[in-house]
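In: What shape does this take:
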Amino acid sequence: MNKEVKKKLFNGLVDWIIDKEPNYPSFVECKLWIKKQNSQYIISKNDEKDILMLLTYLPMSQQMNNVLYAKYLEQILTK
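Out: Reported below is the predicted structural model:
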């Protein structure tokens, strides 16, 4: 697989994970999603590490964004 295929696949995975908020998918569900999108793609150990990193980072990032949004929205509404 070339890098563009992987990049497109993992960008889609990121969007899919975020769309599942607040019920984020499991590691296995992410692997199944990748296979559903491209049955020819072979998930490597590095890909598995990337998936685990996404499942750790994305929920934290979304939570932080939600907190910041709520804070600034309150400031805007009270002006």
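
In: Residue 5: what secondary structure?
Out: Under DSSP: H, G, I helix; E, B strand; the rest coil, residue 5 falls in the helix class.

In: how many other residues sit next to it?
Out: By other Cβ atoms under 10 Å, 12 other residues sit near residue 5. All C-beta spots, glycine's among them, are computed from the backbone N, C-alpha and C.

In: correct me, but it touches residue 41?
Out: Yes - using Cβ atoms under 8 Å, residue 5 makes contact with residue 41 at a distance of 7.3 Å.

In: And the helices in the protein?
Out: 3-19, 27-37, 45-77 (DSSP state H).

In: Next, the angle from the second one to helix 45-77.
Out: For helix 27-37 and helix 45-77, the angle between their directions (axes from the mean of the first three to the mean of the last three Cα atoms, to 10 degrees) works out to 100 degrees.

In: Distance from helix 27-37 to the middle of the chain?
Out: Helix 27-37 sits 12 Å away from the centroid of its parent chain (Cα atoms, centre = their mean, to the nearest Å).

In: follow-up on the earlier one: redo the helices of the chain as CSV? Include mean pLDDT.
Out: Output for the helices of the chain, formatted as CSV (pLDDT from 0 to 100):
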stretch, mean pLDDT
helix 3-19, 94
helix 27-37, 98
helix 45-77, 88
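
In: Point to the residue nearest the middle of this structure.
Out: The centroid of the chain falls nearest to residue 14 when counting by Cα atoms, centre = their mean (3.0 Å).

In: Residue 63 versus that one, what's the distance?
Out: Plainly put, residue 14 is 16 Å away from residue 63 if you go by Cβ to Cβ, to the nearest Å.

In: same check, this time on residue 27
Out: 19 Å.

In: Near residue 76, how many other residues are there?
Out: Count around residue 76 with other Cβ under 10 Å applied: 8.

In: what about it, distance to residue 21?
Out: 23 Å.

In: Equivalent analysis for residue 62, please.
Out: Distance of residue 62 to residue 21, given as Cβ to Cβ: 6 Å.
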